[in-house]
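Student: What would the 3D arrangement of this be:
(chains A, B, C and D)
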There are 2 protein chains.
Amino acid sequence: MGLKPSEIQKDTWRSFLIAHARVTREIDRRLKADGHIPLDIYDVLVTLEFEPTEKLRMSELADRIVFSRSGLTRLIDRLEKQGYVKREACEDDRRGSYAVLTEKGKAARVKAWRTFEPAIQELWGDFIADDEAMRLKPVYDAMTLKAIRSGR
Amino acid sequence: MGLKPSEIQKDTWRSFLIAHARVTREIDRRLKADGHIPLDIYDVLVTLEFEPTEKLRMSELADRIVFSRSGLTRLIDRLEKQGYVKREACEDDRRGSYAVLTEKGKAARVKAWRTFEPAIQELWGDFIADDEAMRLKPVYDAMTLKAIRSGR
DNA sequence: CGTAAATAATTGCGCATTCAACTGCTACTG
DNA sequence: CAGTAGCAGTTGAATGCGCAATTATTTACG
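Tutor: Below is the predicted model of the structure:
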């Protein structure tokens, strides 16, 4: 653990930032062009869908998708208005509430996947082969953990 | 070039998104905590600084940092007010203008580096060794190119 | 040439996001 | 248990961003 990143590390960091911005923008553009939900909403819905109960506490969901609490409150407001999720009171903690995936939300997520799947293949999968992905995933995850830990 | 991304590719994509969000947030948090310029402004200033003339056309700069034209107009408005850049008329195209780095802007960038350098080392460099960085940079760059091309 | 299409930058507008403050509830501590 | 510290979620205020329309200039072409 040295103190100074090397030139190649700094350059790769910049490439990482640019690639993220470009690729997410392009995927979002395609989703919207095809009349689907945008990328950030896809993220919310798929996060809920992966849960066994298809619901998640507000705070937990905010952490998962890296959103502020207040930002999530209003995002869920909008999604609830559109019928993609609904709120549900938490039994054992009256302060809390769940965001619950609805059938309509699931349907919208599945529909968007028709555009998302070829897009992610073309813009990501074609460049990150399986063996590279397997090597890379734990690296990204470790980075995430470190950032969370050091942010307290 | 298949049509469907594999499970590991999709998982790695999600880890990539989360890692990006977490790490950039944490770096930004540290920069602000130490009284420095935020990450997006650092990006603008360092992009200008790397230019031989330390200036860039508005559109070109917007493309580099992946910003909308209007977004950049207002970002440069703010930076100009703070004295970090100034605008300069373009000689051979009266429609255009340059964003030019000032001494104050350079100083702010250099000062922020004191926080940025250990942060990027700790949150990025410790996980992406030199040989991995060398392998990864062209991958990110190719992804970027593809996204730009397919977005027209 | 002169007019139409394209381009550079800006502006109006609406929306999304965050920080800080607030409400209601829980849990810890003596 | 009483009181206080802390947590979940929401809201108000401020800010920042992008799309679409606008202005000024350049380029294309008939």
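Student: all strands for chain A, in order.
Tutor: Under the criterion DSSP state E, chain A contains strands at A:55-57, A:85-89, A:97-101.
Student: So which of those strands has the densest surroundings on average?
Tutor: strand A:97-101 (a mean of 21; mean count of other C-beta atoms under 10 Å in any protein chain shown). (Glycine included, C-beta is placed from N, CA and C.)
Student: what about that strand and DNA strand D, touching?
Tutor: Yes - using C-beta under 7 Å from any atom of the strand, strand A:97-101 reaches DNA strand D at A:Ser97, A:Tyr98.
Student: Other residues contacting that strand?
Tutor: With contact meaning C-beta atoms under 8 Å, 6 or more residues apart in numbering or on different chains, strand A:97-101 is reached by A:44-45, A:48-49, A:54-58, A:61, A:76, A:79, A:84-90.
Student: where's the one residue sitting closest to the centre of chain A relative to DNA strand C, distance?
Tutor: The structure's chain A has its C-alpha centroid closest to A:Asp43; by C-alpha atoms, centre = their mean the separation is 3.9 Å. Distance of A:Asp43 to DNA strand C, computed by C-beta to the nearest atom of the strand, to the nearest Å: 10 Å.
Student: A:Pro5 now?
Tutor: With C-beta to the nearest atom of the strand as the criterion, A:Pro5 and DNA strand C are 25 Å apart.
Student: other SSEs contacting the lengthiest helix in chain A?
Tutor: What stands out as the longest helix in chain A, according to DSSP state H, is helix A:7-33. The helices and strands touching helix A:7-33, judged by 3 or more C-beta pairs under 8 Å, 6 or more residues apart in numbering or on different chains; DSSP states H and E, are helix A:39-49, helix A:103-120, helix B:7-33, helix B:103-120, helix B:130-150.
Student: buried sites along that helix?
Tutor: If you call a residue buried by 16 or more other C-beta atoms under 10 Å in any protein chain shown, then helix A:7-33 has these buried ones: A:8-31.
Student: that older thread, can you tell me which of the strands of chain A is nearest to A:Met134?
Tutor: strand A:55-57 (27.2 Å; C-beta to C-beta).
Student: So what touches that closest one?
Tutor: With C-beta under 8 Å, 6+ apart, strand A:55-57 has contacts from A:Thr47, A:Leu48, A:Arg64, A:Glu88, A:Cys90, A:Gly96, A:Ser97, A:Tyr98, A:Ala99, A:Val100, A:Leu101.
Student: What of stretch A:121-139?
Tutor: Taking C-beta under 8 Å, 6+ apart as the rule, stretch A:121-139 contacts A:23, A:26-27, B:1-6, B:8-9, B:11-13, B:15-16, B:127-128, B:132, B:139, B:142-143, B:146-147, B:150.
Student: Tabulate the contacts of strand A:55-57 (a markdown table), appending distance to A:Gly71 and pLDDT.
Tutor: Output for the contacts of strand A:55-57, formatted as a markdown table (distance: C-beta to C-beta, whole Å; pLDDT from 0 to 100):
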| residue | distance to A:Gly71 | pLDDT |
| --- | --- | --- |
| A:Thr47 | 15 | 97 |
| A:Leu48 | 16 | 98 |
| A:Arg64 | 13 | 96 |
| A:Glu88 | 20 | 97 |
| A:Cys90 | 20 | 95 |
| A:Gly96 | 18 | 95 |
| A:Ser97 | 16 | 97 |
| A:Tyr98 | 18 | 98 |
| A:Ala99 | 13 | 98 |
| A:Val100 | 19 | 98 |
| A:Leu101 | 19 | 98 |
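Student: from the residues you listed, which is closest to B:His36?
Tutor: For those, the nearest to B:His36 is A:Arg64 (28.8 Å; C-beta to C-beta).
Student: how many neighbours does the closest residue to the closest one other than its chain neighbours have?
Tutor: Excluding its sequence neighbours, the residue lying closest to A:Arg64 (C-beta to C-beta, 6 or more residues apart in numbering or on different chains) is A:Thr47, at 5.3 Å. Other residues near A:Thr47 come to 17 when the count uses other C-beta atoms under 10 Å in any protein chain shown.
Student: right, and A:Thr47 touches A:Ile65 too?
Tutor: Yes - applying C-beta atoms under 8 Å, one finds A:Thr47 in contact with A:Ile65, separated by 6.1 Å.
Student: near DNA strand C, which residues of chain A?
Tutor: Counting by C-beta under 7 Å from any atom of the strand, the residues of chain A close to DNA strand C are A:Asp40, A:Phe67, A:Ser68, A:Arg69, A:Ser70, A:Gly71, A:Arg74, A:Leu75, A:Arg78, A:Asp93, A:Arg94, A:Arg95.
Student: need those in JSON lines with pLDDT, distance to DNA strand D and neighbour count, can you?
Tutor: Output for these, formatted as JSON lines (pLDDT from 0 to 100; distance: C-beta to the nearest atom of the strand, whole Å; neighbours: other C-beta atoms under 10 Å in any protein chain shown):
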{"residue": "A:Asp40", "pLDDT": "95", "distance to DNA strand D": "12", "neighbour count": "13"}
{"residue": "A:Phe67", "pLDDT": "97", "distance to DNA strand D": "10", "neighbour count": "18"}
{"residue": "A:Ser68", "pLDDT": "97", "distance to DNA strand D": "8", "neighbour count": "11"}
{"residue": "A:Arg69", "pLDDT": "97", "distance to DNA strand D": "4", "neighbour count": "11"}
{"residue": "A:Ser70", "pLDDT": "97", "distance to DNA strand D": "3", "neighbour count": "9"}
{"residue": "A:Gly71", "pLDDT": "97", "distance to DNA strand D": "8", "neighbour count": "12"}
{"residue": "A:Arg74", "pLDDT": "98", "distance to DNA strand D": "6", "neighbour count": "11"}
{"residue": "A:Leu75", "pLDDT": "98", "distance to DNA strand D": "9", "neighbour count": "20"}
{"residue": "A:Arg78", "pLDDT": "97", "distance to DNA strand D": "12", "neighbour count": "11"}
{"residue": "A:Asp93", "pLDDT": "95", "distance to DNA strand D": "6", "neighbour count": "9"}
{"residue": "A:Arg94", "pLDDT": "94", "distance to DNA strand D": "9", "neighbour count": "8"}
{"residue": "A:Arg95", "pLDDT": "95", "distance to DNA strand D": "4", "neighbour count": "5"}
